[in-house]
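Visitor: sequence-free structure coming up:
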């Protein structure tokens, strides 16, 4: 596989940033995931962190170096994250359970698969066109879908969701794929802090006409400007499929990796705190991501050297 990736998270006007994101990969498979801890419930930052840690740990276990069934993996891993949240709340004696949305994508072979629960979105842009977008698990989106069949007068708030991880009922997890990838295809995962203030056509135009290393930060800044002083946190993770290695500084090629090599930017914690600790990370900028990538590449280099000595 060969892809470029760019990710950034900015704290808006909220007290803390409860968004989390990251990616993992082996020689033949890549996982990209983003979670948005939900306000109004305790420890949203723990919810999003636990959800990503769980799916990353299962990816490391099962991608050896490819997943046998990517759609089944996404369904099972997201549900495992949900059960981890219920277990965490029980162990901590919490009256309410931490909750989060999640969107995750698997790239494997020359195909893409994705799944989501809640209103964190995935956009897929090919050329100048938006060819796929997830549908939010919100009453507002459901209302729009049904409006042509059943006219409705009262409008729901777009933030009211009917499912998420950590909820009392079984979460709804929608999946898509396999979708055959073409060179230059771009996928963007984001929290509602982006799409809530930036229209789909604007997101598509930026992703279609600019390098992702330019498009993503500009989209984030536009969302913060449009959102004003009370803007939600804005988190975006984007990748370009089969991008030439010299086009983006964050280009990654997995062809030389060994079967057991696993790389991840999904850390056990942010700022050294563990699940349940007070986590108040600064904005996650590209410099921090680049440090993670350098550490990963160094680990891969050492692993490759060790494998060469054995042979």
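Guide: Structure received. Because the structure is a prediction, the values reported are computed rather than measured.

Visitor: may I see the buried residues of stretch 217-228?
Guide: Judged by neighbour count (16 or more other Cβ atoms under 10 Å), stretch 217-228 contains these buried residues: 217, 219-220, 222-224, 227. In this view, the C-beta of every residue, glycine as well, is placed from N, C-alpha and C.

Visitor: can you tell me the helix or strand for residue 223?
Guide: Residue 223 is part of helix 212-227, with elements assigned from DSSP states H and E.

Visitor: what is the subsequent helix or strand relative to that helix?
Guide: Using DSSP H and E, the first helix or strand after helix 212-227 is strand 234-241.

Visitor: can you list the low-confidence ranges for the stretch 201-311 of the chain?
Guide: Under the criterion pLDDT under 70, the flagged ranges of the stretch 201-311 of the chain are 243-250, 267-311.

Visitor: need the strands for it, in chain order.
Guide: Ranges of strands in the stretch 201-311 of the chain, per DSSP state E, counting those that start in this stretch, are 234-241, 251-253, 263-264.

Visitor: compare those strands and give me the one nearest residue 115.
Guide: Using Cβ to Cβ as the measure, strand 234-241 is the one of those that comes nearest residue 115, at 14.9 Å.

Visitor: that closest one to helix 212-227, inter-axis angle?
Guide: Put simply, strand 234-241 runs at 160 degrees to helix 212-227, going by axes from the mean of the first three to the mean of the last three Cα atoms, to 10 degrees.

Visitor: start the count at 333 instead of 1 going forward.
Guide: That works, and once the first residue is 333, the last one we named lands at strand 566-573.

Visitor: list the neighbouring strands of strand 566-573 plus their orientation.
Guide: strand 334-342 (antiparallel), strand 518-522 (antiparallel) (DSSP bridges).

Visitor: which of the ones you listed sits most buried?
Guide: Mean neighbour counts were compared across these using mean count of other Cβ atoms under 10 Å; the top stretch is strand 518-522, at a mean of 26.

Visitor: list the contacts of that strand.
Guide: Outside strand 518-522, the residues within contact range by Cβ atoms under 8 Å, 6 or more residues apart in numbering are 353, 364-366, 435-437, 444, 452-458, 535, 539-540, 544, 548, 566-573.

Visitor: can you select the buried ones among those residues for me in ChimeraX?
Guide: The buried subset of the contacts of strand 518-522, as determined by 16+ other Cβ under 10 Å, is captured in ChimeraX by this line:
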select :353,364,365,366,435,436,437,444,452,453,454,455,456,457,458,535,539,540,544,548,566,567,568,569,570,571,572,573
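
Visitor: low-confidence regions, the stretch 333-482 of the chain specifically.
Guide: In the predicted model, the stretch 333-482 of the chain carries pLDDT under 70 at residues 474-482.

Visitor: the strands in it, which residues?
Guide: Using DSSP E, counting those that start in this stretch, the strands of the stretch 333-482 of the chain run over residues 334-342, 351-357, 361-369, 432-440, 443-449, 453-458, 461-465.

Visitor: ok, residues contacting the fifth one?
Guide: It refers to strand 443-449. Counting by Cβ under 8 Å, 6+ apart, strand 443-449 makes contact with 402-403, 406-407, 410, 433-438, 454, 456, 466, 469, 495-497, 503-513, 517, 519, 573, all of which sit outside it.

Visitor: now with 7 Å, please.
Guide: For strand 443-449, the surrounding residues in contact (Cβ atoms under 7 Å, 6 or more residues apart in numbering) are 402-403, 406-407, 410, 433-438, 454, 466, 469, 495-497, 503-513, 519.

Visitor: how about the nearest residue to residue 566, chain neighbours excluded?
Guide: Distances taken as Cβ to Cβ, 6 or more residues apart in numbering put residue 525 closest to residue 566, at 3.8 Å, once the chain neighbours are dropped.

Visitor: the residue nearest to residue 412 when sequence neighbours are not counted - how many residues pack around it?
Guide: Among residues not flanking residue 412 along the chain, residue 386 sits closest, at 5.2 Å (Cβ to Cβ, 6+ apart). The number of residues packed near residue 386 is 22, by other Cβ atoms under 10 Å.
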